[in-house]
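In: Need coordinates for the below:
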Amino acid sequence: MSFKKYLSITDEIAEAIKKGKPVVALESTILSHGMPYPENVEFANNVEKIVRENGAIPATTAIINGKLKVGLNKEELLLMCKADNIGKVSRRDVATYLATKQNGATTVATTMLIAEMAKIRVFATGGIGGVHRGAQQTMDISADLQELAHTNVAVIGAGCKSILDIGLTLEYLETMGVPVLGYKTDDFPAFYTTKSGFGVDYNLPDAKTTAKIMKTKWDLGLKGGILIANPIPEQYSLDFDEMEMVINQALKLADEKGIKGKETTPFLLANIKEITKGQSFASNLQLAYNNAKVASEIAVEFAKISK
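Out: Modelled structure (predicted):
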């Protein structure tokens with residue numbers, strides 16, 4: 001495969017993949033564009049620690065010096081966290097960043113792409129991108145959704161980001177044939193809150209059942225990913241109605257400032273953090289830690305049945 005010359009996988013992760021051990025992919029956009037320095041360093045180390053504590057090996061991805069990195073050393077992780085001249089790289093940007101040797105943080109879409117290349121089937125994130133509010137006029141739809149339609153990776157997240165149009169996002173996923181499964185829930189979570197008012201296709205009772213569904217889907221040749229919606233732990237969940245008010249306030253500010261495209265999500269999240277006096281940021285950390293834990297448990301079960 002010609003793409004292999006662009007892949008740089010750490011020895012530990014390469015050995016784990018070769019032996020069929022559980023590996024969990026992690027994105028870097030959450031570090032470079034979703035959190036301030038140095039809090040993001042502590043977060044990155046904590047997430048990797050949680051993955052290891054739950055029996056899997058963490059594989060944080062990034063694009064550095066012309067390579068698709070699978071697993072970062074301390075210096076590379078620090079580079080992503082300091083975020084100096086670190087771009088936000090989605091699928092359309094990958095070839096340009098590699099060819100020009102620019103450094104970039106990987107979004108959900110790009111992390112999925114790299115994970116599939118490396119033969120990693122489980123990926124933990126905060127929440128996926130989706131159809132933005134007002135997309136009927138703007139056509140602002142995240143590339144994450146197309147990646148889920150075509151790339152064989154299970155994505156564990158707290159639903160989609162609540163700044164999005166959740167109903168339209170779910171309609172889009174249904175049209176593209178992407179299973180939306182709730183982890184121990186009938187309700188589709190809304191990132192900061194456990195419920196969005198929308199349901200899921202199936203309530204997953206445990207990690208073992210999740211792994212079986214993943215294996216069956218791909219055994220059948222049904223191409224594409226799976227969205228595993230894992231609610232934020234109840235004690236960290238924020239009030240849905242209050243968050244709607246905050247989100248609408250942030251959306252209005254973004255509109256006034258003419259914020260569009262890939263700058264929208266980081267702008268909104270930063271303003272939501274400010275409006276909630278840091279509450280949203282604290283919840284964001286906890287949901288991401290919880291997703292890493294559940295993803296690791298699923299990866300362990302998937303490794304067992306795939307041998």
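In: For this structure, which residue occupies the most central location?
Out: residue 125 (2.9 Å; Cα atoms, centre = their mean).
In: what separates that one from residue 116, distance-wise?
Out: To residue 116, residue 125 is 15 Å away according to Cβ to Cβ, to the nearest Å. In short, each C-beta sits where N, CA and C put it, glycine included.
In: And for residue 228?
Out: In terms of Cβ to Cβ, residue 228 sits 16 Å off from residue 116.
In: who's more crowded, those two?
Out: residue 228 (27 against 18; other Cβ atoms under 10 Å).
In: so when I look at the more buried one, I'm seeing a strand, right?
Out: Yes. Residue 228: assigned to a strand according to DSSP: H, G, I helix; E, B strand; the rest coil.
In: gap between it and residue 59?
Out: 18 Å.
In: neighbours of the nearest residue to residue 131 once chain neighbours are set aside, just the number please.
Out: Of all residues not flanking residue 131 in the chain, residue 168 sits nearest, at 4.0 Å (Cβ to Cβ, 6 or more residues apart in numbering). For residue 168, the count of nearby residues is 16 (other Cβ under 10 Å).
In: which intervals of the stretch 151-300 of the chain have sub-threshold pLDDT?
Out: 262 (pLDDT under 70).
In: Now for residue 105, how many residues are close by?
Out: 26.
In: go on, residue 165?
Out: Applying other Cβ under 10 Å, I find that residue 165 has 19 neighbouring residues.
In: pretty sure it is touching residue 132, no?
Out: Yes. Counting by Cβ atoms under 8 Å, residue 165 does reach residue 132; the two are 6.5 Å apart.
In: What separation is there between residue 182 and residue 13?
Out: Counting by Cβ to Cβ - residue 182 and residue 13 are separated by 29 Å.
In: Name the SS class of residue 156, please.
Out: strand.
In: need the contact list for it.
Out: 122, 123, 124, 125, 183, 228, 230, 291, 294, 295, 298 (Cβ atoms under 8 Å, 6 or more residues apart in numbering).
In: So which of those residues are in strands?
Out: 122, 123, 124, 183, 228 (DSSP state E).
In: list the helices and strands the helix or strand encompassing residue 280 packs on?
Out: Using DSSP states H and E, residue 280 falls within helix 279-306. Helices and strands touching helix 279-306, by 3 or more Cβ pairs under 8 Å, 6 or more residues apart in numbering; DSSP states H and E, are strand 23-26, helix 39-53, strand 122-124, strand 154-157, helix 207-219, helix 264-275.
In: which stretch among the ones you listed comes nearest residue 92?
Out: For those, the distance to residue 92 is smallest for helix 264-275, at 16.1 Å, taking Cβ to Cβ.
In: What residues of the closest one count as buried?
Out: 264, 265, 267, 268, 269, 270, 271, 272, 273, 275 (16 or more other Cβ atoms under 10 Å).
In: quick one: that helix to helix 279-306, angle?
Out: Here helix 264-275 runs at 130 degrees with respect to helix 279-306, directions being taken by axes from the mean of the first three to the mean of the last three Cα atoms, to 10 degrees.
In: Who are the packing partners of helix 264-275?
Out: Using 3+ Cβ pairs under 8 Å, 6+ apart: helix 264-275 touches helix 240-257, helix 279-306.
In: highest average neighbour count across those?
Out: Among these, helix 279-306 has the highest mean neighbour count (mean count of other Cβ atoms under 10 Å), at a mean of 22.
In: What angle do helix 39-53 and that helix make with each other?
Out: Going by the same axes, to 10 degrees, helix 279-306 makes 30 degrees with helix 39-53.
In: Next, the angle helix 240-257 makes with helix 279-306.
Out: 110 degrees.
In: and the angle for helix 279-306 with helix 207-219?
Out: 70 degrees.
In: how far out from the middle of the chain is helix 279-306?
Out: Remark: helix 279-306 is offset 11 Å from the chain centroid, using Cα atoms, centre = their mean, to the nearest Å.
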